[in-house]
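Chemist: this is a predicted model, with the sequence first.
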Amino acid sequence: MSGHVEITGRRAGTVDIIAVKGRLDAGSSEKAEELINRVLDDGGRSLLVNLCDLDYISSSGLRVLLAALKRLKKDGGTLRIACAQPQILEVFTMAGFHRIFSLSPDEAAALAGFTAGP
Amino acid sequence: MAELIVRADLSALEAIADFLAEALAGCSDKLVFAVQLAVDEACSNTILYGYPGREPGTITVACTAADDAVSVTITDDGVAFDPLTAPPPLLDIPAEERPIGGLGIHFIRTVMDSVAYAREGEKNVLSMEKKRSASG
């Protein structure tokens, strides 16, 4: 089974962490987009997207991440992605997204990146 | 050959992925992931854009795993659409300037070895093939 999607949000200091687990496809990306937009609407400018337990991502999922990145860049914010699995990274690479996103091996490294600056 | 018929609804995407995993049991994880991605992108397009202003129809996914290659045929009764006519996305421009969209077809072309489209009667037929490596 590929499992459903589970999207949760929490805060660590000034960083908003959104964890996406399961499948991020055309059917579930809207749910992720809603939560990300809510965080950004509330003034979040440091967003960490944790993909440690993401099994699958399609172009729809990438589109949501790209929209968040565009919005944050425009507002002077930062987006970091933590621990995408090899098959997820492959999709990022296919899209050329490995060049435009800050990818960290785990959440701690991504969090440290916010304090260290871009 | 294994075949799955689903309603053209986003909730069917997961069932399609599970069907492919089952049909391709014995193939490498990498190959299964590639086929799942290509089929997911094609079906997402059909579901999102194939039935404008009318009831969603049905999508049929047929999958065959031979010794040397995996072939998948996706048939739908949506509006005529040849995904292969879509222009390639611009991958080297900054994030702020990138158009949102156009990646799905790029993924299909990248992960599959061959992709062919035909309009047969009132149906779109997308046939894809991926060769199996020694490991998969």
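Modeler: Okay, I see it. Residues are numbered from 1 along each chain as shown, chains lettered A, B, ... in the order given.
Chemist: mind listing the helices for the chain?
Modeler: I went with chain A, as the question did not name one. Using DSSP state H, the helices of chain A run over residues A:29-41, A:59-74, A:86-95, A:107-116.
Chemist: that's the wrong chain, I wanted chain B
Modeler: B:13-23, B:29-49, B:103-111.
Chemist: in the first one, what's buried?
Modeler: Okay, so that is helix B:13-23. Using 16 or more other C-beta atoms under 10 Å in any protein chain shown as the test for burial, helix B:13-23 gives B:Leu13, B:Glu14, B:Ile16, B:Ala17, B:Phe19, B:Leu20, B:Ala21, B:Ala23. From N, CA and C alone the C-beta is placed, and that goes for glycine too.
Chemist: would a markdown table of those with pLDDT be doable?
Modeler: Below are those laid out as a markdown table (pLDDT from 0 to 100):
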| residue | pLDDT |
| --- | --- |
| B:Leu13 | 97 |
| B:Glu14 | 95 |
| B:Ile16 | 98 |
| B:Ala17 | 97 |
| B:Phe19 | 98 |
| B:Leu20 | 98 |
| B:Ala21 | 97 |
| B:Ala23 | 97 |
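Chemist: show me which of those residues neighbour chain A.
Modeler: Among the buried residues of helix B:13-23, proximity to chain A is found for B:Leu13, B:Glu14, B:Ala17, B:Ala21 (C-beta under 8 Å from any C-beta of the partner chain).
Chemist: still on that earlier bit, nearest to B:Ile74, of the helices of chain B?
Modeler: helix B:29-49 (5.4 Å; C-beta to C-beta).
Chemist: would you put the C-alpha positions of that closest one in PDB?
Modeler: Extracted C-alpha coordinates of helix B:29-49, given in PDB (Å, rounded to 0.1, in the frame of the first residue of the first chain):
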ATOM      1  CA  ASP B  29      11.600  -0.600  -6.700                       C
ATOM      2  CA  LYS B  30      13.200   1.900  -9.000                       C
ATOM      3  CA  LEU B  31      11.300   0.600 -12.000                       C
ATOM      4  CA  VAL B  32       8.000   0.400 -10.100                       C
ATOM      5  CA  PHE B  33       8.500   4.000  -8.900                       C
ATOM      6  CA  ALA B  34       9.200   5.200 -12.400                       C
ATOM      7  CA  VAL B  35       6.200   3.600 -13.900                       C
ATOM      8  CA  GLN B  36       4.000   4.800 -11.000                       C
ATOM      9  CA  LEU B  37       5.200   8.400 -11.600                       C
ATOM     10  CA  ALA B  38       4.600   8.300 -15.300                       C
ATOM     11  CA  VAL B  39       1.100   6.800 -15.000                       C
ATOM     12  CA  ASP B  40       0.200   9.100 -12.100                       C
ATOM     13  CA  GLU B  41       1.200  12.200 -14.100                       C
ATOM     14  CA  ALA B  42      -0.700  11.100 -17.200                       C
ATOM     15  CA  CYS B  43      -3.800  10.100 -15.200                       C
ATOM     16  CA  SER B  44      -3.700  13.400 -13.100                       C
ATOM     17  CA  ASN B  45      -3.800  15.400 -16.400                       C
ATOM     18  CA  THR B  46      -6.700  13.400 -17.600                       C
ATOM     19  CA  ILE B  47      -8.600  13.800 -14.300                       C
ATOM     20  CA  LEU B  48      -7.900  17.500 -14.000                       C
ATOM     21  CA  TYR B  49      -8.300  18.600 -17.600                       C
END
